[in-house]
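Student: Pasted the sequence and its predicted model underneath.
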Amino acid sequence: MQSDLLRHIRLGFGLLAALAPVAALAANKVSDVYTGVGSASSEYWSAYLEGANAVAGSLGDKKVHVVVSDFDGQKLLQQFGAVFSAGCDDCAVTADPASNAFTKAIVGRAADAGAKIVTLWNRPDEIHPWDTNADAWVAHVSFDGVDSGYQNGKQLCKALGGSGGVAVLLGIPDNPPAKQRLAGFNKAVAECPGLKVLDTQVGNWDQTAGQTITRTWLARFGGDLKGVFSENDGMALGAVAALREKGLAGTIPVTGSDGSSDVLRLIKSGDMLSSMFINGYAQGATAVALAAAAVNGDVDPAKLDHAKRDFYLSQTLVTKDNVDQVMNTKIDPTQFTYDKMKQNFWAYSVGPIPAGANK
Amino acid sequence: MINQRAAAGRSLQDHATVRPWTAIGFGAFGPVLVLLALTVVFSIASPAFHTADNLKAILESSAVPVVLAVGLTFVLVQGSIDLSIEGAMAASSMVVSLLIANSITPHQLGWIAVAAGLGCGAAIGLANGLLYTVLRIPSLIVTLATWFIGLGLATLLFPGRQPEILDTRLTMLALDKRLSVSLLVYIALVFTALGFWLQNYTQFGRLCYAIGVDEKTTRQSGLPVRFHKVLAFTLAGLASGAAGVMISAQLGVGNPNAGDGFLFPAISAAVIGGTLLSGGRGGVLQSALGVLILEVLRNGMIQLGVDPYLRHVIEGATIVGALVVGNWRLRSRLRVVK
């Protein structure tokens, strides 16, 4: 009895002695980095993961564990369920919940497991990081879809000299970015009364769907179709492919959103009008750094004001005028280490997400 | 008329519950009637529908699904199923776009890259066939697994951004017009003709029906059932590979999501055309007709400007309607529906 107790005490001291120098050396307490992404095969998500890995690599040489949802919230929850089941103390988690319906659930599970989480893209309008699992839900980081739709819409208006028939390719209708970009586009149309929306079709963000729909539009509207507004680059590429079949690429302006490298090339060659470049790399770095900062105690979420927990990142409208500049911007991974990010976690923020944006 | 030849394994079918002779009439003409009815309705409702331009748009959109449906038909006629279409297409699209002159890798293999894309599809098909026949795992499960393997391969190969195809010999297949339709449409026609020939004039085609109607008897007759099953799956895989190459030519890029949304239309097209999922009935031409029905429907709804939220409802309802018309004669028979 006595000796057992002694042994335990001795063991305890031994462990403490072994751990103490480690704790003193590394300010980093992040045990693991997990990221839930929509797709493993898209340029944007690849850039996101690179940015996330740049920061994770500086947190004691961690590598991001990737969970792929294929834009299916249920699938995301199942996989994170497996990760969280054994607890995930001091994990830094970033995740796109795939749709608003899953945001609360994924945040709740992260909180139960002891992790800190930063969410991306999908957040229902009525819940915020400061009112739901406020300890665990550090922040929500997104891009302004209304601005994207508005700016691209304005470009279309300008390119058409203020009048003409345009057609709209919608993403998956209940995704917040789809709703926001459409709202922004409608705002631009309201300011450009000569622009007439001929038709709106759902292309599910998909390249092939964009091509098939545009092909049919060309047959239906003939010369009346003067421009195409696509909610993302994928469908825009499909639209350009359909226009190319008719020899109309470059004649009928097409706008996209995302700023993928193929689209940048098309803007440069004049086959596309504009796109909104979102910096996935910076988003990945910002999101992981913030989650890690909450674990490490470098940031106390409770003391942050709302604008620092729910914000948009900067994005760039790309047209022929600045396409070279955007294409030639090289990312330097050494600028995206945890210590560099720590100087200002909000360097890429352009301000809080207004109420009502995620309706 | 198609089924007459198709019923080459007549002696096998005599005792079977499906009597092809009585089913020919409506079975073969039902889909034609549906296609005609849809065409008439849309032509009346929308003046832009029956223009030459729109007809071409329908043909262009049908090219890829026709190739898929033709390949799938042999597997369905045997009473099996191939769900790996989307995976095989994705893998094939990535393989061809990374091996041909492109914006990412230095390879410039030209037509060899195209052959590699086709081979990639055929290899997945061959794997399907072997797993199914040798290990005797149901085709539903095997091909579900290889679907994800194909998608996984494509994701592994994806270099972070879509490789742009720079070899114009491939992209020209979609852009170069003969009689104002692209070469892809002709490829689909050739594929259909080839499928029709295989179905009606070769032992393979006849055995597909025999296997579908009564596999046990066919096997007991000493016919190489396994071999022809593997052959059917390889052919379906090859078709998926070809579809992957074709979609890459159309888009001008390699796309790991190239196959998205092609599986369900391919199977429904075959079924609308009169191919039974339980096997033994159907054919290449009917499947191609089924594709045309679906494409006319989609095109027509865009022409009419049907509310996008309503489109899926109408699409689903029309599929059910087409099935009812196409399979009316089978309704009264004591046929087991699974």
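Tutor: Looks like it arrived, so ask away.
Student: Mind checking what secondary structure the residue of the stretch 201-350 of chain A found nearest chain B has?
Tutor: The nearest approach of the stretch 201-350 of chain A to chain B comes at residue A:219, 3.7 Å away (C-beta to the nearest C-beta). For glycine as for every other residue, the C-beta is placed from the backbone atoms N, C-alpha and C. Judged by DSSP: H, G, I helix; E, B strand; the rest coil, the three-state class of residue A:219 is helix.
Student: Do you know the pLDDT at residue B:306?
Tutor: Per-residue pLDDT puts residue B:306 at 83.
Student: How about the stretch 1-150 of chain A: which residue is closest to chain B?
Tutor: residue A:41 (3.6 Å).
Student: if I pick the closest residue to residue A:101 other than its chain neighbours, what's in contact with it?
Tutor: Excluding its sequence neighbours, the residue lying closest to residue A:101 (C-beta to C-beta, 6 or more residues apart in numbering or on different chains) is residue A:73, at 6.1 Å. Neighbouring residues of residue A:73 by C-beta atoms under 8 Å, 6 or more residues apart in numbering or on different chains: A:97-99, A:101-102, A:105-106.
Student: Residue 286: which element?
Tutor: Because you didn't say which chain, this covers chain A. Here residue A:286, judged by DSSP states H and E, is contained in helix A:280-296.
Student: ah, no, chain B please
Tutor: helix B:284-304.
Student: With only the CA atoms kept, save that helix in CSV.
Tutor: What follows is helix B:284-304, C-alpha atoms only, in CSV (Å, rounded to 0.1, in the frame of the first residue of the first chain):
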residue,chain,number,x,y,z
VAL,B,284,-28.1,0.0,-77.7
LEU,B,285,-30.5,2.0,-79.9
GLN,B,286,-33.1,2.2,-77.2
SER,B,287,-30.6,3.5,-74.7
ALA,B,288,-29.4,6.1,-77.2
LEU,B,289,-33.1,7.1,-77.7
GLY,B,290,-33.4,7.4,-73.9
VAL,B,291,-30.5,9.8,-73.9
LEU,B,292,-32.2,11.9,-76.5
ILE,B,293,-35.4,12.0,-74.5
LEU,B,294,-33.6,13.3,-71.5
GLU,B,295,-31.6,15.9,-73.4
VAL,B,296,-34.7,17.1,-75.3
LEU,B,297,-36.5,17.4,-72.0
ARG,B,298,-33.7,19.4,-70.4
ASN,B,299,-33.2,21.6,-73.4
GLY,B,300,-36.9,22.2,-73.8
MET,B,301,-37.3,23.3,-70.2
ILE,B,302,-34.5,25.9,-70.6
GLN,B,303,-36.1,27.0,-73.9
LEU,B,304,-39.4,27.5,-72.2
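Student: Mind giving me the packing neighbours of it?
Tutor: helix A:207-221, helix B:20-45, helix B:52-77, helix B:183-201, helix B:263-272, helix B:308-326 (3 or more C-beta pairs under 8 Å, 6 or more residues apart in numbering or on different chains; DSSP states H and E).
Student: If we use 10 Å, what do you get?
Tutor: Under the contact criterion of 3 or more C-beta pairs under 10 Å, 6 or more residues apart in numbering or on different chains; DSSP states H and E, helix B:284-304 touches strand A:195-202, helix A:207-221, helix B:2-6, helix B:20-45, helix B:52-77, helix B:183-201, helix B:263-272, helix B:308-326.
Student: out of those, nearest to residue B:253?
Tutor: Nearest of those to residue B:253, taken as C-beta to C-beta: helix A:207-221 at 8.0 Å.
Student: Mind giving me the packing neighbours of that closest one?
Tutor: Short answer (3+ C-beta pairs under 10 Å, 6+ apart): helix A:207-221 packs on strand A:164-170, strand A:195-202, strand A:225-230, helix A:233-245, helix B:52-77, helix B:225-251, helix B:284-304.
Student: burial of residue 220, as a residue count?
Tutor: This is for chain A. 25 (other C-beta atoms under 10 Å in any protein chain shown).
Student: you looked at the wrong chain, it should be chain B
Tutor: 10.
Student: got it, and the one 4 residues further on?
Tutor: The criterion is other C-beta under 10 Å. On that basis, residue B:224 has 13 neighbouring residues.
Student: go on, residue B:45?
Tutor: Counted by other C-beta under 10 Å, the residues lying close to residue B:45 total 11.
Student: any idea how far it is from chain A?
Tutor: 12 Å (C-beta to the nearest C-beta, to the nearest Å).
Student: Enumerate every residue touching the closest residue to that residue other than its chain neighbours.
Tutor: Excluding its sequence neighbours, the residue lying closest to residue B:45 (C-beta to C-beta, 6+ apart) is residue B:304, at 5.6 Å. Contacts of residue B:304 were listed using C-beta atoms under 10 Å, 6 or more residues apart in numbering or on different chains, and they are A:220, B:41-42, B:45-46, B:48-49, B:311, B:314.
Student: Give me the residue ranges of the stretch 1-150 of chain B where confidence is low.
Tutor: Counting by pLDDT under 70, the stretch 1-150 of chain B contains low-confidence residues at B:1-28.
Student: rerun that using 80 as the cut-off
Tutor: Residue ranges of the stretch 1-150 of chain B with pLDDT under 80: B:1-30.
Student: mind listing what the residue of the stretch 201-350 of chain A closest to chain B touches?
Tutor: A:225, A:246, B:48-49, B:51-58, B:299, B:302-303.
Student: just checking, residue B:282 touches residue B:205?
Tutor: No - between residue B:282 and residue B:205 there is no contact under C-beta atoms under 10 Å: 11.9 Å.
Student: which of the two has more neighbours?
Tutor: Neighbour totals were compared for residue B:282 and residue B:205, and residue B:282 leads with 28 against 25 (other C-beta under 10 Å).
Student: Present the helices and strands packed on helix A:207-221 as CSV; the columns should include distance to residue A:279.
Tutor: Output for those, formatted as CSV (distance: least, C-beta to C-beta, whole Å):
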stretch, distance to residue A:279
strand A:164-170, 23
strand A:195-202, 27
strand A:225-230, 20
helix A:233-245, 14
helix B:52-77, 35
helix B:225-251, 25
helix B:284-304, 35
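Student: Residue B:276: which of those is closest?
Tutor: Per C-beta to C-beta, nearest to residue B:276 of the helices and strands packed on helix A:207-221: helix B:52-77, 7.6 Å.
Student: tell me which residues in the closest one are buried?
Tutor: B:54-77 (16 or more other C-beta atoms under 10 Å in any protein chain shown).
Student: Kindly report the same for stretch B:37-44.
Tutor: In stretch B:37-44, counting by 16+ other C-beta under 10 Å, buried: B:38-39, B:42-43.
Student: Restrict that stretch to CA atoms and write it as PDB.
Tutor: C-alpha atoms of stretch B:37-44 as PDB (Å, rounded to 0.1, in the frame of the first residue of the first chain):
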ATOM      1  CA  ALA B  37     -44.500  13.800 -78.100                       C
ATOM      2  CA  LEU B  38     -41.900  15.800 -76.200                       C
ATOM      3  CA  THR B  39     -40.600  17.300 -79.500                       C
ATOM      4  CA  VAL B  40     -44.100  18.300 -80.600                       C
ATOM      5  CA  VAL B  41     -45.000  19.800 -77.200                       C
ATOM      6  CA  PHE B  42     -41.800  21.900 -77.000                       C
ATOM      7  CA  SER B  43     -42.000  23.000 -80.700                       C
ATOM      8  CA  ILE B  44     -45.500  24.300 -80.100                       C
END
